[in-house]
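# this one's structure only:
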C-alpha cells in the first residue's frame with residue numbers, strides 16, 4: 001500500500017476515534033476522557049487531623065478523609081508546611097527526582113519560612129491554596145508529654161487511591177501522637193517520726209510508638225529527704241533487669257534520682273506499651289519538719305530533652321504531692337486554781353520532763369516511747385516550754401487531709417515522767433495533735449497542781465514532835481539519876 005494511502009487511512013481512523021470518544025456522529029456513548037495530566041494552574045489543600053495514638057496502629061493513610069469516631073483529638077499541635085524547592089510534579093522527571101530524595105535532602109531544600117497552623121479542639125488544621133509540589137510537614141510545637149510524629153513528606157497532588165485514573169488535590173493526613181501522662185503519690189500513713197520511711201510512687205505511661213528513642217524519669221528530692229533506695233517495674237509484671245534494661249543513679253550533690261532505660265529496655269517498653277505503665281518507687285526518710293513537696297519529671301522521647309519542664313514539647317511534670325511534719329510545743333504552767341501554790345498561777349514551770357507515745361495504750365503502759373534523733377525525753381526550760389520536733393501531722397497523710405475518725409488520723413500522747421519541784425506529776429497521759437511546724441506556736445498548755453494539791457502538811461517541828469522529844473529527855477534524865485543513886489549505894493556499902 002502506498003505511503004500516502006496509509007497516511008490517509010491513519011488520519012481517518014484517528015478522526016473516527018476522536019468522534020467515538022466525544023460521542024459525535026453516533027459512533028459511541030458519550031464518555032469523559034481520563035484526566036491523566038496534572039493541571040499546572042491548580043492548587044491543592046492539605047488537611048491535618050491530630051489524634052492520640054490508639055492501641056492499634058491501624059492501616060496506612062491513603063489521602064482520603066477517614067472516620068475517626070471514638071478517637072481522642074489533640075489540640076495545640078503546631079505544624080509547619082514547607083514546599084521542597086525545584087520539584088515539578090507536572091513532569092515525570094519531577095516525580096523521579098522527588099522519589100530519589102532522602103528526607104534529609106528534602107529538608108535541606110525546604111523553602112522558608114513555610115506556613116504554620118495549629119490544631120483546634122477537634123484536632124484539625126487546614127492548609128489551603130497550596131501550589132503543587134512536594135511538601136515537608138513538621139510538628140514544630142506540641143503539648144508537654146506528647147511524642148511528636150516524625151517529619152514526613154507528602155506530594156500534592158496524589159494519585160486518587162480508588163479512582164486510579166485521576167488526581168487527588170484535596171489530601172487528608174492523620175499523623176498520630178503518643179501522649180504520655182504521669183502521676184505521683186506518697187505513702188507516709190505508717191510513719192510517726194523523722195527517720196521513718198516515706199515512699200513516693202511515680203507511675204508513667206509508655207509512648208505508643210514503634211520505636212522509643214529515649215525514656216527517662218528524674219526526681220530531684222527535697223533537701224529535707226534522705227534517699228534510701230529505688231525500685232522499677234512494669235505494672236503488667238513484664239520482666240526488667242536492672243543494669244541491663246535500666247539504670248538507677250543518685251546524685252548526692254543535688255539529691256537527684258534518675259532512672260534511665262537502655263536500648264534493650266526501651267524495646268521491652270515498646271512491646272508492652274498498650275498494657276503496662278512504668279512504676280518507680282523511691283524510699284526516703286524525712287530529716288526535718290515542714291511541708292515537704294515532691295514532683296517527678298518524665299522524658300518520654302529524645303525531643304522532650306530539648307525543652308525545659310513546663311514548656312510546650314517538654315517532659316511531663318507530675319502534679320506535686322507532699323508529706324507534712326510538725327512539732328508539739330508543750331507549755332508548762334502552775335495550776336490556775338491553786339491559791340496556795342508557791343508560784344503564782346500561770347507562771348511557767350521549768351524542769352518538767354515528758355515522753356511522747358504513738359498510742360494511748362503505749363502511754364499508759366509506758367512502753368515504746370517515741371525516739372527522735374536519739375532523744376526520748378524532753379524537759380521544759382525557764383520559759384516553761386519543751387519542743388518535740390519531727391512528728392507526722394495528725395490530720396494529713398498519704399497526700400490527703402484526714403478527718404478525726406479516719407484510720408490514718410494520728411494523735412499523740414504525752415506522759416509526764418518528772419514533775420517540777422513543788423508540783424505533782426500528771427495522773428494520766430494527755431492527748432495532743434500535731435497541726436503545725438512552727439516551734440513558736442503552743443500545741444498544748446499543761447497546768448501542774450502544787451504538791452499535795454496545795455495543802456500544807458504538819459511541820460516537822462510541830463506539837464506532836466515536841467511532846468515526843470520532851471518525853472525522851474525525861475526518860476534520859478531519869479536514867480541518869482538512877483545510875484547516880486545506884487553508884488552512891490554501892491560506895492556506901494563498901495565503906
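Alright, I've got the coordinates. Keep in mind that this is a model prediction, so the values were computed, not measured.

# gap between the two ends of stretch 363-378?
Terminal residues of stretch 363-378 lie 15 Å apart, using CA to CA, to the nearest Å.

# Stretch 248-262 now?
Distance across stretch 248-262, first residue to last, is 11 Å (CA to CA).

# Please identify the buried residues of that stretch?
Buried positions in stretch 248-262, judged by neighbour count with 16 or more other CB atoms under 10 Å: 248, 250, 255, 257-261. Bear in mind the C-beta positions are built from the backbone N, C-alpha and C, glycine included.

# Most widely separated two among those residues?
Maximum pairwise distance in the buried residues of stretch 248-262, criterion CB to CB, is 21.9 Å, between 255 and 261.

# all strands of the stretch 101-250 of the chain, in order?
Along the stretch 101-250 of the chain, counting by DSSP state E, counting those that start in this stretch, strands occupy 115-118, 124-131, 133-141, 146-147, 152-156, 158-159, 167-168, 170-173, 176-179, 182-187, 197-204, 216-220, 225-234, 246-251.

# which one of the ones you listed has the lowest average pLDDT?
Ranked by mean pLDDT, these end with strand 176-179 at the bottom, a mean of 78.

# Neighbouring strands of that strand in the sheet, and parallel or not?
Within its sheet, strand 176-179 is paired with strand 51-52 (parallel), strand 146-147 (antiparallel), according to DSSP bridges.

# mind giving me CSV with those strands and columns for mean neighbour count?
Listed next are the strands paired with strand 176-179 as CSV, based on neighbours: other CB atoms under 10 Å:
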stretch, mean neighbour count
strand 51-52, 17
strand 146-147, 26
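
# Kindly reformat those strands as TSV containing distance to residue 420.
Shown next, in TSV, are the strands paired with strand 176-179 (distance: least, CB to CB, whole Å):
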stretch	distance to residue 420
strand 51-52	69
strand 146-147	66
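
# between those, which one is nearest to residue 374?
It's strand 146-147; of the strands paired with strand 176-179, that one is closest to residue 374 (CB to CB) at 50.2 Å.

# contacting residues around that closest one?
For strand 146-147, the external contacting residues (CB atoms under 8 Å, 6 or more residues apart in numbering) are 74, 77, 177-180, 207, 209, 300-301, 303-304, 313.

# circling back to that earlier point, among the strands paired with strand 176-179, which is nearest residue 119?
Nearest to residue 119 among the strands paired with strand 176-179 is strand 51-52; the distance by CB to CB comes to 9.6 Å.

# Show me which residues of the lengthiest strand in the chain are buried.
With DSSP state E setting the assignment, residue counts place strand 321-334 as the longest strand in the chain. In terms of neighbour count (16+ other CB under 10 Å), strand 321-334 has its buried residues at 321, 323-334.

# what's the following helix or strand after it?
strand 353-357 (DSSP states H and E).

# What strands line up against that next one, and which way round?
Note on strand 353-357: by DSSP bridges, its sheet partners are strand 378-379 (antiparallel), strand 412-418 (antiparallel).

# So what touches the first one?
Which is strand 378-379. Contacts for strand 378-379 (CB under 8 Å, 6+ apart): 330, 351-356, 386-388, 418.

# Quick check: next helix or strand after the lowest-mean-pLDDT helix or strand in the chain?
For the chain, using mean pLDDT, DSSP states H and E, the weakest element among its helices and strands is helix 3-22, scoring a mean of 34. Next along the chain after helix 3-22, taking DSSP H and E as the criterion, comes strand 43-49.

# so where's the stretch 201-350 of the chain shaky on pLDDT?
Low-confidence segments of the stretch 201-350 of the chain (pLDDT under 70): 336-346.

# about what we covered before: output the contacts of strand 146-147 in JSON lines, with neighbour count and distance to residue 446 appended to each entry.
Listed next are these as JSON lines, based on neighbours: other CB atoms under 10 Å; distance: CB to CB, whole Å:
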{"residue": "74", "neighbour count": "21", "distance to residue 446": "61"}
{"residue": "77", "neighbour count": "25", "distance to residue 446": "63"}
{"residue": "177", "neighbour count": "24", "distance to residue 446": "62"}
{"residue": "178", "neighbour count": "21", "distance to residue 446": "60"}
{"residue": "179", "neighbour count": "21", "distance to residue 446": "57"}
{"residue": "180", "neighbour count": "25", "distance to residue 446": "54"}
{"residue": "207", "neighbour count": "25", "distance to residue 446": "59"}
{"residue": "209", "neighbour count": "21", "distance to residue 446": "63"}
{"residue": "300", "neighbour count": "30", "distance to residue 446": "55"}
{"residue": "301", "neighbour count": "23", "distance to residue 446": "59"}
{"residue": "303", "neighbour count": "19", "distance to residue 446": "61"}
{"residue": "304", "neighbour count": "26", "distance to residue 446": "56"}
{"residue": "313", "neighbour count": "21", "distance to residue 446": "58"}
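
# Spell out which residues sit in contact with the closest residue to residue 117 other than its chain neighbours, please.
Distances taken as CB to CB, 6 or more residues apart in numbering place residue 125 nearest to residue 117, at 4.1 Å, with adjacent residues excluded. Residue 125 is in contact with 47-48, 50, 77, 79, 117-119, counting by CB under 8 Å, 6+ apart.
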